[in-house]
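Colleague: Structure here, sequence nowhere to be found:
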């Protein structure tokens, strides 16, 4: 190896060591200043997968393998963080499904009227809304 290559390698090692020292010092100062739980990736948790350990924890909570396979990573993280059992999770799902299945409060024979936007005379004024929807209930008939 020539002298210039050795000198370049030495320079690279010195720059690397200086940068690492600066980085480590900065991170240590942040831990001291903000506390160890508020630094960098210490608080970042992005649920993007269900790990084997999480599957084991869900199985201990009573979740069958079919239910675990159907969970999204966000819901699995939420279930584990709230320590929800499978029975409680099932009751929540059934309650949500019952809420969706409830009939709407609007009678099926009610008329829906669309009111188009009426252009104004003054071109500088802008309308507050572009269009409106009015729900008109049926008039009860006397028998």
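Modeller: Great, that's in hand. What you are looking at is a predicted structure, and each value in this text was computed from that prediction instead of being measured.
Colleague: just the strands in the chain please.
Modeller: 111-115, 132-136 (DSSP state E).
Colleague: What segments of this protein are helices?
Modeller: For the chain, helices defined by DSSP state H occupy the ranges 3-34, 52-60, 65-70, 73-82, 86-101.
Colleague: mean confidence for the longest one?
Modeller: On average, the pLDDT along helix 3-34 is 92.
Colleague: Check which residues of it are buried.
Modeller: Buried residues in helix 3-34, counting neighbours by 16 or more other Cβ atoms under 10 Å, are absent. Backbone N, C-alpha and C define where each C-beta goes, glycine included.
Colleague: try the last one
Modeller: For helix 86-101, the neighbour count (16+ other Cβ under 10 Å) marks 86, 89 as buried.
Colleague: before we move on, what about the shortest one?
Modeller: If you call a residue buried by 16+ other Cβ under 10 Å, then helix 65-70 has these buried ones: residue 68.
Colleague: That one packs against which elements?
Modeller: Applying 3 or more Cβ pairs under 8 Å, 6 or more residues apart in numbering; DSSP states H and E, one finds that helix 65-70 makes contact with helix 52-60.
Colleague: Go through the helix it packs on and flag the buried ones.
Modeller: 54, 55, 57, 58.
Colleague: Next, format those as CSV and append pLDDT and distance to residue 10.
Modeller: Formatted as CSV, the buried residues of helix 52-60 follow (pLDDT from 0 to 100; distance: Cβ to Cβ, whole Å):
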residue, pLDDT, distance to residue 10
54, 91, 48
55, 93, 50
57, 93, 51
58, 94, 54
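Colleague: how does this protein divide up, domain by domain?
Modeller: Domains of the chain are assigned by automatic domain parsing as 3-42, 52-101.
Colleague: Regarding the longest one, how distant is the last residue from the first?
Modeller: Length of domain 52-101, first residue to last, Cα to Cα, to the nearest Å: 35 Å.
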